[in-house]
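K.L.:
Sequence plus the predicted model coming up.
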Amino acid sequence: MSPEIPLVSGASSQTVRPTTLDNPGTFLERRSKTDPLIVQPDVVTLLVGDSNVRFFKPVPKYWQVICIPGLCPKQLAALLKKSNIPPSVKHIIASVGINDRDSANVEPLVECLKAGRGPGRTILFPTVVISKHLGLRQSTNLYRLNRTARDLDFVQLIPCHSEIENPLFTDPTGIHYDLCTAKKIFNIIVSHINSLNCI
C-alpha cells in the first residue's frame, strides 16, 4: 500500500496517494463533504464521486479523481459552487447518485450538474449501474436519475449502465461496485473523455 500525504490537517483532511509512472494523475480520498475541493492546477479532467470511485485507478495524466464516501448530488452541488476550479479544467464528471436511491427527487442532481458548468467546460454524468438486488422503488429512483441526466441538454451522458452486462457488487444490498465492475466503468469513462479530446 502506498503512503498517504495529508493535504489539509484536521478531521476533514484529504489524502493524496503519490503518483507513479502507471498512475500519472492524482487520486484523492477525503471525508469532508463540506470543505472546498482542492484541485491541482494542471488538471484537465476532474472526476468527483462517492465511494464507488475508490477503484478508479490508474488515474490518467491531467486527471484528478476525488472520492468522497457517502457523497450525494446535493452535497456535490454545494462543493462545486464553493470550490475554486482552475481554468485548466475542461471536463467535470459527476459520478454520484447511488446515495440518492431512496429519493424520487431529481432536483439535487440537476442542481449538481448545473453547478459544474463553466466557460469552455463539459459536464458529464456516468449513469448509475443498478444492481438487480435493489428494491423496485430504489431501482426506479436510480433509473429516474439516469433519465434526467440524459434529458439535460447541457450534460453529456456516459451510458455505463448499457455497457456493463453483469455488474458485480461487494455488498448484498447492491450498492458498492466490486473491483472488476468499477474498473470497467472507469475504462468506459476514460474512453469517452479520450473521444472528446480527439474531436
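P.N.:
Thanks, I have it.
K.L.:
Give me the neighbour count for Leu179.
P.N.:
A count of neighbours around Leu179, defined by other Cβ atoms under 10 Å, yields 11. Placement of C-beta: from N, CA and C, glycine included.
K.L.:
which residue sits closest to it in space, ignoring its chain neighbours?
P.N.:
Phe55 (5.2 Å; Cβ to Cβ, 6 or more residues apart in numbering).
K.L.:
go on, Val43?
P.N.:
Gln64 (4.5 Å).
K.L.:
That neighbour and Asp42 touch, don't they?
P.N.:
No. In this structure Gln64 lies outside contact range of Asp42 using Cβ atoms under 8 Å: 9.3 Å.
K.L.:
who's more crowded, these two?
P.N.:
Gln64 (23 against 13).
K.L.:
show me the residues around that one that make contact.
P.N.:
Counting by Cβ atoms under 8 Å, 6 or more residues apart in numbering, Gln64 touches 25-28, 39-40, 43, 45-47.
K.L.:
List the buried residues in the longest helix along the chain.
P.N.:
Scanning the chain for the longest helix, with DSSP state H as the assignment, gives helix 179-197. Within helix 179-197, the residues that count as buried by 16 or more other Cβ atoms under 10 Å are 181-182, 184-186, 188-190, 192-193.
K.L.:
can you tell me which of those lies nearest to Ala94?
P.N.:
Closest approach to Ala94 among those (Cβ to Cβ): Ile189, at 11.3 Å.
K.L.:
thinking that closest one is in contact with Gln156, fair?
P.N.:
No. Counting by Cβ under 8 Å, Ile189 does not reach Gln156; the two are 11.0 Å apart.
K.L.:
where do the contact lists of these two overlap?
P.N.:
By Cβ under 8 Å, 6+ apart, Ile189 and Gln156 have these common neighbours: Leu124.
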